[in-house]
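Student: give me coordinates for this.
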Amino acid sequence: MRTVADYLAETLRNLGVTHVFGIIGKSICPAVLKMVDYGLEFIPGRHESSSGFAASGYALQTGKLGVAFATSGPGGTNLLTAAAHAKSNNLPVLFITGHQSIQELGLPQCQDSSSYLADLAEMFRPATLFSKLVERGDHFGTLLNHALSIALGPNKGPVHLCLPFDVQTELLSQCRIVIPEPEPLLSVSNLNRILPLIEQSKRPLIIAGKGVSRARAHDELLHLAESFNIPVITTPGGKGAIAWDHPLYHGPCGVGGFPHADDMLNQSDLYIVLGSRLSDMTICNLKPENHPAHLIQFDADPTFVGKILSAQTLHITGDLKDNLQYLLGALEELPTPVRNTTPMDYTVPLPDLPQLSLASVLDGMSDLLPYDHKLFVDDGSHGFHAVQRYKVKKPGSFVFDAYFACMGNAIGMAIGAKAASPEETVVCITGDGCFMMLGTEINTAVCNNLNVIFIVVNNKQLDMALKGMEKTTGRIDGTLFEVPMDAAKFAESLGAIAFRTETLAEFSSALSTAQTLNQVTVIELLTDRDEIPPTAHRTVTLN
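Tutor: Residues are numbered from 1 along each chain as shown. Sure thing, here's the model as predicted:
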């Protein structure tokens, strides 16, 4: 006889999970302690949402299941943002929350997770692909099997189980857990319709989204583009799907993008969209009269396919990499079509500012890092500066969420990725606003020897909100930090090595030193608060 917590821990170990992330509390103790007993390393966070982001970073880095947990009540509600972030990024994360004992249902409880107060199973339902309260131990195996099959299925994403204390400790004589085996899911009939559309197109365009990196389909993207000599642009979140200097790459489009890439959006007669929802951040400069005649959209999730553009749409469902491999494998030796794909000079001049320009830092930053590094970029003006300026050399090494866009997510994700790949150089670019929210996770990294290099862009304001409000309303209420933070001192108080830099030379020296220290390092970057971010394309009119 073994407990439900035993079966859970054993299943996670059999799935290849090596690290779990969360904050412990009474209602989740039995499950967490069993995870440790079965050899999983427990990374205790400083805030549950960051633990959720760390689990997402782990899932992204490994391609395996990420695991985040929290105690009942507020511990669980703090995980909700991370669950929604994982859903928007198609990351397979198992969120586990505690719950009071089933035998005590109906009694007023501290940190209640039942329908009497904060019903976590219900709260997580819209933020995940599956959410369920496990009411009995003999239900556990069936529900865990179902959750895993969804999380690791064709349309990957987060799932949630709420485990009451007495269910975790319930003894079972047997519990059958089935480890999901990935199977290729191809859209064969529609794949066979792609070649005629490409051959009849005069100006095809590949739009690469973050789905390319999620599916690790970088080689397939190149093969497709080079086989038909089709130019490639990237969405803000798809940045890094292709190396910045590839001759067929024409830069990012949309918010943070190049006008040249937006011009290509408005001139193409066929979009081949790889792993993108085509959100407002991508097509904000596409004019309605310039929608393409045809759209081929590779997306495992059908929610928005065919509903955004007035184009005849061919939906390719299933795994992006598998579908591209099938398509490319069916190609005969064809002469490469002659198309005018020579990029224009789409560089954007660096600003002339009295103080340090973030654009100038990002323009040359990749030259200061090894080829094998992973860069996590937080949300805000600094993120879109990075989309426009950072020169990605290794496909898949740039991670940015422009869709759900929760501030502070990159801090936790970088920590989770470092736990999964301790030998890889992991860097996080965040802002002072994001850092004030979840910067205490620096201490998590310090305590667990997860030596991430954190770069904190400090312009003493919520820059993206300030610049957008100023442009559209003429007001900047609530966007200035009257008492600016000293990120370096804060980082030192959390146990990290810290540098405060105000010039490009100081930053370059600090980044070079940070790579030799093998310690958690925070580089505060004091930048010109009047620098205009490349976010002006997205405007809001307030009545």
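
Student: every contact and neighbour count from this point should use C-alpha atoms.
Tutor: Will do.

Student: which stretches of the stretch 301-450 of the chain form helices?
Tutor: 320-329, 358-365, 381-389, 409-420, 432-438, 441-447 (DSSP state H, counting those that start in this stretch).

Student: how about TSV for the ones you listed, with distance to residue 529, mean pLDDT and mean neighbour count added?
Tutor: Below are the helices of the stretch 301-450 of the chain laid out as TSV (distance: least, Cα to Cα, whole Å; pLDDT from 0 to 100; neighbours: other Cα atoms under 10 Å):
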stretch	distance to residue 529	mean pLDDT	mean neighbour count
helix 320-329	41	92	19
helix 358-365	10	95	20
helix 381-389	11	93	26
helix 409-420	22	98	29
helix 432-438	12	95	21
helix 441-447	25	98	23
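
Student: got JSON lines for those helices, with distance to residue 465 too?
Tutor: Listed next are these as JSON lines, based on distance: least, Cα to Cα, whole Å:
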{"stretch": "helix 320-329", "distance to residue 465": "35"}
{"stretch": "helix 358-365", "distance to residue 465": "17"}
{"stretch": "helix 381-389", "distance to residue 465": "9"}
{"stretch": "helix 409-420", "distance to residue 465": "18"}
{"stretch": "helix 432-438", "distance to residue 465": "11"}
{"stretch": "helix 441-447", "distance to residue 465": "24"}
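
Student: so which of those comes closest to residue 83?
Tutor: Proximity to residue 83 (Cα to Cα) singles out helix 409-420 among the helices of the stretch 301-450 of the chain, at 11.3 Å.

Student: ok, residue 418 touching residue 451?
Tutor: Yes - in this structure, residue 418 is within contact of residue 451 by Cα atoms under 8 Å, at 7.4 Å.

Student: shared neighbours, these two?
Tutor: By Cα atoms under 8 Å, 6 or more residues apart in numbering, residue 418 and residue 451 have these common neighbours: residue 426.

Student: follow-up on the earlier one: for the helices of the stretch 301-450 of the chain, which one sits closest to residue 92?
Tutor: helix 409-420 (13.5 Å).

Student: helices or strands up against that closest one?
Tutor: Applying 3 or more Cα pairs under 8 Å, 6 or more residues apart in numbering; DSSP states H and E, we find helix 409-420 packed against helix 48-62, strand 373-377, strand 425-431, helix 441-447.

Student: secondary structure class for residue 456?
Tutor: Here residue 456 is recorded as strand under DSSP: H, G, I helix; E, B strand; the rest coil.

Student: following the helix or strand residue 160 falls within, which helix or strand comes up?
Tutor: Secondary structure assignment for residue 160, by DSSP states H and E: strand 159-164. Sequence-wise, the next helix or strand downstream of strand 159-164 (DSSP H and E) is helix 165-168.

Student: so for the next helix or strand after that next one, mean pLDDT?
Tutor: Using DSSP H and E, the helix or strand that follows helix 165-168 in sequence is strand 171-172. Across strand 171-172, pLDDT averages out at 94.

Student: cool, and stretch 200-210?
Tutor: Here stretch 200-210 scores 97 as its mean pLDDT.

Student: coming back round to it: convert the C-alpha atoms of the strand holding residue 160 to CSV, please.
Tutor: Output in CSV follows, covering the C-alpha atoms of strand 159-164 (Å, rounded to 0.1, in the frame of the first residue of the first chain):
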residue,chain,number,x,y,z
VAL,A,159,-3.2,21.8,-16.2
HIS,A,160,-4.2,22.0,-12.5
LEU,A,161,-5.0,19.5,-9.8
CYS,A,162,-6.3,20.5,-6.4
LEU,A,163,-5.2,17.9,-3.8
PRO,A,164,-6.9,17.8,-0.4
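
Student: who does it pair up with?
Tutor: Strands that pair with strand 159-164, judged by DSSP bridges, come out as strand 93-99 (parallel), strand 130-133 (parallel).

Student: just name the most buried of the ones you listed.
Tutor: Most buried of these, by mean neighbour count (mean count of other Cα atoms under 10 Å): strand 93-99, with a mean of 30.

Student: run through who's touching the helix or strand following that strand.
Tutor: Once strand 93-99 ends, the next helix or strand along the chain (criterion: DSSP H and E) is helix 120-123. With Cα under 8 Å, 6+ apart as the test, helix 120-123 has contacts from 72-73, 76-77, 80, 97, 113-114, 131-133, 160-162.

Student: show me where the stretch 401-543 of the chain has strands.
Tutor: Under the criterion DSSP state E, counting those that start in this stretch, the stretch 401-543 of the chain contains strands at 425-431, 453-458, 497-501, 521-526.

Student: send the alpha carbons of the third one over as CSV?
Tutor: Read it as strand 497-501. This file holds the C-alpha atoms of strand 497-501, laid out as CSV (Å, rounded to 0.1, in the frame of the first residue of the first chain):
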residue,chain,number,x,y,z
ILE,A,497,26.9,40.5,-6.8
ALA,A,498,25.8,43.8,-8.2
PHE,A,499,27.1,46.5,-10.6
ARG,A,500,25.6,49.9,-11.3
THR,A,501,26.4,51.2,-14.8
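
Student: going forward can the numbers begin at 51, since that is how I track them
Tutor: Yep, numbering from 51; the last one is strand 547-551 now.

Student: quick one, it and strand 571-576 angle?
Tutor: On the basis of axes from the mean of the first three to the mean of the last three Cα atoms, to 10 degrees, strand 547-551 is oriented at 20 degrees to strand 571-576.

Student: just the buried residues of whatever helix or strand residue 246 lives in, please?
Tutor: Here residue 246, judged by DSSP H and E, is contained in helix 244-250. Buried residues in helix 244-250, counted by 16 or more other Cα atoms under 10 Å: 247, 248.

Student: repeat for stretch 550-560
Tutor: Under the neighbour-count criterion of 16+ other Cα under 10 Å, stretch 550-560 has 550, 551, 554, 557, 558, 560 buried.

Student: and what of stretch 416-436?
Tutor: Quick answer for stretch 416-436 (16+ other Cα under 10 Å): 416, 419, 423-436.

Student: end-to-end on that stretch?
Tutor: One end of stretch 416-436 to the other measures 11 Å (Cα to Cα, to the nearest Å).

Student: ok so, going back, for residue 286, find the nearest of the helices of the stretch 351-500 of the chain.
Tutor: Closest of the helices of the stretch 351-500 of the chain to residue 286 is helix 431-439, at 6.1 Å (criterion: Cα to Cα).

Student: contacts only, for the nearest residue to residue 190 once chain neighbours are set aside.
Tutor: Nearest non-adjacent residue to residue 190, counting by Cα to Cα, 6 or more residues apart in numbering: residue 184, 6.2 Å away. Residues counted as contacts of residue 184 (Cα under 8 Å, 6+ apart) are 190, 193, 211, 212, 213, 214, 217.

Student: can you redo these as JSON lines with pLDDT and neighbour count?
Tutor: JSON lines is the format used below for the contacts of residue 184 (pLDDT from 0 to 100; neighbours: other Cα atoms under 10 Å):
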{"residue": "190", "pLDDT": "96", "neighbour count": "25"}
{"residue": "193", "pLDDT": "97", "neighbour count": "18"}
{"residue": "211", "pLDDT": "98", "neighbour count": "23"}
{"residue": "212", "pLDDT": "97", "neighbour count": "29"}
{"residue": "213", "pLDDT": "97", "neighbour count": "30"}
{"residue": "214", "pLDDT": "96", "neighbour count": "27"}
{"residue": "217", "pLDDT": "96", "neighbour count": "25"}
